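Engineer: no letters, just coordinates:
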């Protein structure tokens, strides 16, 4: 008979104090819990954040080895939380329940960051915007193009996913971008895309398409505030570089 729980998620209760009697790892889990509650966001290391999350999905196993192998495979805490759920589920020792436990953290982080952007003018909360874009796009394995349409107070009207693929006129046509702004009543916009390579350095195509959209916007009264490129190594503002 195969031992239950060796390669599959098991239901269970992480926080029941009585678990200490049946689970020899309960003392370690209780210590992690206390450190988290007493010490805040920096109380746990990256592998311990993953470990603590997995404890609820895999309650009767030592999940520290799984946490460490996940970090090794995906490179960082952000890499693990943004990994494809199917890949997480197939990782040794994991399963759909534990993959979902990790994926929900990324979902919550995106929603918190998105709300921070929507609650105030974008240009007055630039770091909140960068945090949101980094959480949402830095670890994508495909290049994604988005346009953030803003009202006269620079509040977000629409975060529009234009498409996936290289940023050129086949993927994002200047006339269509500005037409949508006029349809929405937007007075400004911010272009956004990511570089799956990790480096956010703009290419010649990035610069050229930005300048074409900015020129089309000037003719019709729609300001292009910026073009932000996001990668695992950081972000670049084309406006800050004097390219708009």
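Structural biologist: Alright, I've got the coordinates. It should be emphasised that the depicted structure is a prediction, and the values quoted were computed from it without experimental measurement. Numbering: from 1, shown residues only.
Engineer: low-scoring stretches of this protein, by residue?
Structural biologist: Residues of the chain meeting the criterion pLDDT under 70: 1-25, 166-170.
Engineer: could you list the buried residues of whichever helix in the chain runs longest?
Structural biologist: Selection of the longest helix in the chain by residue count, based on DSSP state H, yields helix 96-118. Buried positions in helix 96-118, judged by neighbour count with 16 or more other CB atoms under 10 Å: 96-99, 101-103, 105-106, 109, 113-114, 117. (C-beta placed from N, C-alpha, C; glycine too.)
Engineer: between those, which is nearest residue 129?
Structural biologist: Distance to residue 129, by CB to CB, is smallest for residue 117 among the buried residues of helix 96-118, at 5.4 Å.
Engineer: contacting residues around that closest one?
Structural biologist: By CB atoms under 8 Å, 6 or more residues apart in numbering, the contact set of residue 117 is 125, 128, 129, 132, 156.
Engineer: rerun at 6 Å
Structural biologist: Counting by CB atoms under 6 Å, 6 or more residues apart in numbering, residue 117 touches 128, 129, 132.
Engineer: tell me where the chain has strands.
Structural biologist: Remark: strands assigned in the chain by DSSP state E are 144-150, 156-164, 188-194, 223-231, 234-237.
Engineer: can you list the strands that the last one pairs with?
Structural biologist: In other words, strand 234-237. strand 223-231 (antiparallel) (DSSP bridges).
Engineer: which other residues reach the partner strand?
Structural biologist: 133-134, 137-138, 188-192, 194-195, 198-200, 202, 210, 213-214, 217, 235-239.
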